[in-house]
Structures are given as structure tokens and as C-alpha cells.
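Colleague: structure here, sequence nowhere to be found:
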């Protein structure tokens, strides 16, 4: 991963001072680096020993970083990874424009790799991610969102980049169409599980670990899986409480909503859904030969559902 970080730092260079400041601020904030790890591990599992996977892993992380810059503006967030968000520090305009810079820089990097197939996968992914962001915006304050609509959003908004990362690693590694599809499916299911647990942590995590405010999703009126479960399986009072909280937004009803979530077992249900996705991810890579890279891909599945941050 040090090689990937070196590529990112080199590619962040701009003669425009503010671009460097904002980009370096958010990259230096750290992060799990799961998406670039998928590129490296997928390529490694197929025996790839070149250098293009470092460049493409950096591309994937920079795409992710650009979405974070835009996300925090849309969500009006002021805390990420335990630090002030870039928009809180530099302003909304700077965050949006530097996010655009990162997006465009990744396409320059993709062209240099010289693979039309890689370009196809990553350009499609960025387009679907953007659609996912719009779908999520449309779903905010809509208490009629069901589980199917919720899953569509997270598969577009989050899981698609996991899928593309694993798929790009497969392409670089010279995978057959069948293996490429298997790794793409692995990434999609892993990313879905990851986001479900992210939504669980919004009601159960410790702020010092997650680096985010507890209840952010509720404040933004986002109908996530735990809330959908309460509305479908709770009593009339619990369902009405959650519906009102989604429609009104804010944190005024957070204590009552949290009580309803706990009483109905909504978090356990969501965790079981995440575990089911991880089981599908594990099954998807049974075709890979035994290796330390495959072992790491399997360990990521365990991390996705067991994590507390």
C-alpha cells in the first residue's frame, strides 16, 4: 500500500495551491484503503507481478476521495475520520471543485495505463456512483422507501466501486471472463455488506472509533435498513416514531428511534443481511487458487461484518 500512497501523492500535484491543500488534507486523513486493496489483492491472486495495479489502485482511491468531498457537501457533514471535513475547513465551493479535479485526474491516469477495458469498467462505475448519489438524495425524507430501494442505492453508491476495484484487478491479472465476473461479484457483495454495517454503526458505533457523529443518517432523513425494518416489523407506535423522524429529519427523536431499533432487533436483522452478502462474496471467489492473496480477500469479508469503525 505504500507504493499506492506514493502514486497518490505524486498525482495530487497541482500548480494551484488550494487544490494541493484540499486534496492533501483529505488524503492525509487516512481511511481504510479497502478499495485500492481490492485491486492489489485481486491482481495478486491471479499472479500479476507488474506495476499497473499500483496506478489503478491509486485511481480507485482517488475516485473514492472525490466522492467523499462531494458527499460531505451534499450531506452538510462537519466530521469525517475524526477530523473536520474539507468543506467545513475550506468551504463548499473548494470541496466540490477539488473533487472535480480528482475525478478528472483519475481519467488522465487511466488513459496512461492503456487498457480500454479498464477505462470501460471505471467510467461505468463513476457514472453509476453518481446515479446512486442522486437516488439517495431522492430517498431522503421518504419513509416509504423499502428494502429493495435501499439496496439499489447502496449497490449504486457504495458497492459499485468495490465491484469495479476487484474487477480491474482481475483485468490487470489477465483473468478469464468467468473469473473476472466472479471477482466483480465478490466486490459487489462485499461492498453491500460494508455499507449495511456502516448504516448499523450509525446507531451502535462509538464516535471515537467511527470518526462520525452518531445519528447522522437520521438527521439527514435517510431511510436505512434498521429504520425500514422497524417500520415493517415494529408496533404502530414504533413505526410512527421512525416515520416521523425520517420525514422531519434532525436528531430530536433519536432516543426514541434508537429504543425502537433495539426493541425490534433491527440491528441484528441488518447484521444478518450483511452476513448473507459476505457469504455470497466468499462463494464467488471459490474459483481462485489458494494463495495469501485469496486468504486476504476472505479476511476482508470477516472484517466487513465484524468491524466497529
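Modeller: Okay, I see it. Worth saying up front: this structure is predicted, and the values here are computed from it rather than measured.
Colleague: do you know how far residue 249 is from residue 266?
Modeller: As defined by CB to CB, to the nearest Å, residue 249 lies at a distance of 19 Å from residue 266. (Glycine included, C-beta is placed from N, CA and C.)
Colleague: so for these two, which residue has more residues nearby?
Modeller: residue 266 (28 against 15; other CB atoms under 10 Å).
Colleague: helices of the stretch 101-250 of the chain, residue ranges please.
Modeller: 116-139, 147-154, 160-172, 177-204, 207-210, 216-219, 225-233, 236-248 (DSSP state H, counting those that start in this stretch).
Colleague: what average pLDDT does the fifth one get?
Modeller: What it means is helix 207-210. Mean pLDDT, computed over helix 207-210, is 59.
Colleague: now stretch 299-309: buried residues?
Modeller: Going by neighbour count (16 or more other CB atoms under 10 Å), the buried part of stretch 299-309 is 300-301, 303-305, 307.
Colleague: low-confidence ranges in the stretch 51-200 of the chain?
Modeller: For the stretch 51-200 of the chain, residues meeting the criterion pLDDT under 70 lie at 81.
Colleague: tell me which residues in stretch 100-114 are buried?
Modeller: Residues of stretch 100-114 classed as buried: 101-103, 105-106, 109-110, 113 (neighbour count, 16+ other CB under 10 Å).
Colleague: please apply the same query to stretch 89-99.
Modeller: Neighbour-count burial for stretch 89-99 [16+ other CB under 10 Å]: 90, 92, 94-99.
Colleague: of those residues, which belong to strands?
Modeller: Among the buried residues of stretch 89-99, no member falls in strands (DSSP state E).
Colleague: now render those residues as JSON lines, adding distance to residue 22.
Modeller: Converted to JSON lines, the buried residues of stretch 89-99 look like this (distance: CB to CB, whole Å):
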{"residue": "90", "distance to residue 22": "5"}
{"residue": "92", "distance to residue 22": "11"}
{"residue": "94", "distance to residue 22": "6"}
{"residue": "95", "distance to residue 22": "7"}
{"residue": "96", "distance to residue 22": "10"}
{"residue": "97", "distance to residue 22": "9"}
{"residue": "98", "distance to residue 22": "4"}
{"residue": "99", "distance to residue 22": "9"}
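Colleague: what residues are up against the closest residue to residue 9 other than its chain neighbours?
Modeller: Distances taken as CB to CB, 6 or more residues apart in numbering put residue 27 closest to residue 9, at 7.5 Å, once the chain neighbours are dropped. Residue 27 makes contact with 8-9, 12, 65, according to CB atoms under 8 Å, 6 or more residues apart in numbering.
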